[in-house]
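K.L.:
test case, fold it:
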Amino acid sequence: MNKLGPESDSSTDGDLPHSSQKQDNIPLDVARTEEKNVFRVKILVTLILLLAVCVVATITYLLVDSQERSNFESQFTGYASEVVTVSREKTNQLFNALDAFSVSVSSQAAGELELRNSSWPFYRIPDWSVRAQRLAKLTGVENPRLNFAPIVQQDEKKEWEDFANDAYPILYQDAIEREGDKGGMTAKEFLNRTLPFIYDSDLEKFEFFPSTGTRDLLPTFQQYPLNLFPLMPLMTMNYNLLDYQESAELFRITQAVKGPTISSISIYVDLETKADGGQVMQPIYDRADTADGDRKIIGVMMFQLNWLDYFKNLFLEEESDDGIVVVLKTACPRDLDFETRSSYDRVVTFQIDGSRAIVVGEEDLHDPNYDSLEVRETFVDLGIDQSKVPEGLCVPTLSLHVYPSETLEKKFETHNRVIYTSVVVVIFAFTVLVFLLYDFVVGRLQKKVMDRINKQDMIVANVFPSAIRDRLYQAQGNALQQKQMVGQSTDSLGFQNETGTLGSAPLADLFPNTSVVFADIAGFTAWSSAREPQQVFILLENIYGALDHIANRYAIFKVETVGDCYVAAAGLPDPIDDHAVIACKFAREALKKMKELTHHMEVSLGPDTAALDLRVGIHR
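P.N.:
You can find the predicted model right below:
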């Protein structure tokens, strides 16, 4: 017994140190494993941070670039809107001015011809140069060409030629006095270069000969400004406009639709300057009453203009290089054969630089890279019924297509992308170094603290909403400071251990400036008692859905719905100064919507559904 006892004790004592050593090695192995894991994590975190530097730098560069692009697009949108608005106002002013001019001539001529016991076409528009100058200012065209041509029938030709030849000396002298110097030419010299008869021409052969045939004639009678025939030492007076194909087609359209018409655009060279051209034909009637559908066209005003003038002086900067590209297109809105349509489908490209504008070419020359920024608007549309236009002819519509240019985009390019990206990289790199150093020194302690904080945060987050949680943390901190100052003990959540009461004031907010809206359906009880539950649900779902939509638009806070009663409040949860006004607007629109919905659902829910009404009360 004694022998066994010592052996047994010896054996037991011998095992204890060995077991203790194994247990002591377990924490060491765990520590080493944890240290290796931490080292691996630090390497991984370092790589992630480096990757984050690259990502953040790239994002910063792209954000700044996107901001510059956004500024460029926003500025261009403003420019394009101004181009479209101002140019369209000018074109509207053009047609309004021509129409007013036509009415003025018709009104004055009717009275004067009656006093003289005469009739059209034996009429001369008085104060022609003064009126034409005023018209030019109203139209916004710098160098307009205005011609008045009466309709002369074949049996009136000789008599009208005598009338016109007697009037020309007076017209020429008045033009020289009103318009200024004409290169030293006198009225007599202009008269010597005027053919005394209505004539047609063959410009290829430079031949001019009396108009013949049985058709009506449209001779140029009064002109502004007074000048010679282009490329020829001859006046355009007495020239038959129907001899020129484009004028003849415009005249046919004008007679058919009894209104103004416009030609397609074209490019020509005038005094060594590339310019775009267009013609507007405005009819002159025998009576000024615009409501009289039986008015007769007795002549036309042929107004020749440069569309380029409508894109000048749109911006204040005289020497700016904005680089706004405007493509003006004409198109025929009716089906024509290819050859005929090609005569109407024209394109001219302009470039606007500040107050200046130039013609770039007779095709679409904008940069395709900016197709996505195109601003397209109708420029001129006379609203003519194309079915009234003679077969084979067309009244074109003009459209504006506005694009930016590379010049404009470069104005918004800066070095901010490189600067901001570099600053972000430096700051981020410095932050990473500080973080790694701090992590090396207090990593383990921080981990323990963060574990405890995370556990507490998870507990609080599961109990309170985020907003209440943040305010609770703030209240906890204030309570801890107060309790420490007075020597009271508190638990970690800021509750008093002794009394068990809250250590801070209750979390409650007062909203003194609110308006509560109560809305219920008048007649709902009687109506619903005669309906299936599904029908009642359909009614309430539609009405409450519409009210919710209106509430969202007005930032109204929906409180609840009780049966057929809808309760909402203005000024919650965000205060609103004009909450009463908002509530009233909501109520007014809700009443209107209620009427629309009940009338709309009357077919499906019964004839007395439209009798339902909404009663709204507002408490402020």
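K.L.:
next, residue 509: secondary structure please.
P.N.:
At residue 509 the chain is in coil, as set by DSSP: H, G, I helix; E, B strand; the rest coil.
K.L.:
do the same with residue 614
P.N.:
Per three-state DSSP, residue 614 ends up strand.
K.L.:
cool, and residue 325?
P.N.:
Using three-state DSSP, the structure places residue 325 in strand.
K.L.:
any idea how far it lies from residue 554?
P.N.:
Remark: distance between residue 325 and residue 554 (CB to CB, to the nearest Å) = 43 Å. For the C-beta atoms, the positions are set from N, CA and C on the backbone; glycine is no exception.
K.L.:
is it true that residue 347 touches residue 328?
P.N.:
Yes: applying CB atoms under 8 Å, one finds residue 347 in contact with residue 328, separated by 7.3 Å.
K.L.:
more crowded one of these two?
P.N.:
Comparing residue 347 with residue 328 by other CB atoms under 10 Å, the one with more neighbours is residue 328, at 25 against 17.
K.L.:
neighbour-wise, which of residue 325 and residue 554 wins?
P.N.:
For residue 325 versus residue 554, neighbours defined as other CB under 10 Å are more numerous around residue 325 (21 against 17).
K.L.:
tell me the pLDDT of that one.
P.N.:
Model confidence at residue 325, given as pLDDT, is 92.
K.L.:
just the residues contacting stretch 325-335, thanks.
P.N.:
For stretch 325-335, contacts defined as CB atoms under 8 Å, 6 or more residues apart in numbering pick out 83, 264-265, 276, 307, 311, 341, 344-352, 360, 364-367, 379, 386, 389, 394, 396-405.
K.L.:
out of those, which end up buried?
P.N.:
83, 264-265, 276, 307, 311, 344-352, 360, 364, 366, 379, 389, 394, 396-405 (16 or more other CB atoms under 10 Å).
K.L.:
which members of those residues occur in strands, if any?
P.N.:
276, 346-352, 360, 379, 397-403 (DSSP state E).
K.L.:
where does the stretch 351-500 of the chain dip in pLDDT?
P.N.:
Filtered on pLDDT under 70, the stretch 351-500 of the chain yields the residue ranges 442-444, 446-447, 449-451, 453-454, 457, 460-473, 477, 479-480, 483-500.
K.L.:
helices along that one, start to end?
P.N.:
Assigned by DSSP state H, counting those that start in this stretch, the stretch 351-500 of the chain shows helices spanning 406-410, 416-463, 466-486.
K.L.:
which other helices and strands contact the first one?
P.N.:
In terms of contacts (3 or more CB pairs under 8 Å, 6 or more residues apart in numbering; DSSP states H and E), helix 406-410 is packed against helix 4-115.
K.L.:
buried set for the helix or strand just after the helix it packs on?
P.N.:
Next helix or strand after helix 4-115 toward the C-terminus (DSSP states H and E): helix 128-139. By 16+ other CB under 10 Å, the buried positions in helix 128-139 come out as 128, 129, 131, 132, 133, 135, 136, 138, 139.
K.L.:
equivalent analysis for stretch 174-182, please.
P.N.:
Of the residues in stretch 174-182, 174, 175, 176, 178, 179, 182 count as buried by neighbour count, 16+ other CB under 10 Å.
K.L.:
residues contacting the helix or strand harbouring the third one, please?
P.N.:
Secondary structure from DSSP H and E places residue 176 in helix 157-179. The contact list for helix 157-179 (CB under 8 Å, 6+ apart) reads 121-122, 124, 128-130, 133, 150, 152, 182, 185-188, 190-191, 194, 196-198, 211, 217, 219, 221-222, 224-226, 237-238.
K.L.:
sec struct for residue 302, please.
P.N.:
strand.
K.L.:
that one contacts residue 283, correct?
P.N.:
No: judged on CB under 8 Å, residue 302 makes no contact with residue 283 at a distance of 10.7 Å.
K.L.:
of the two, which one has the most company?
P.N.:
Relative neighbour count places residue 283 above the other of residue 302 and residue 283, with 24 against 21, counting by other CB under 10 Å.
K.L.:
residue 588 versus that one, what's the distance?
P.N.:
50 Å.
K.L.:
what sits against residue 241?
P.N.:
By CB under 8 Å, 6+ apart, the residues touching residue 241 are 147, 149, 218, 219, 220, 247, 248, 251, 300, 302.
K.L.:
alright, I will stop here.
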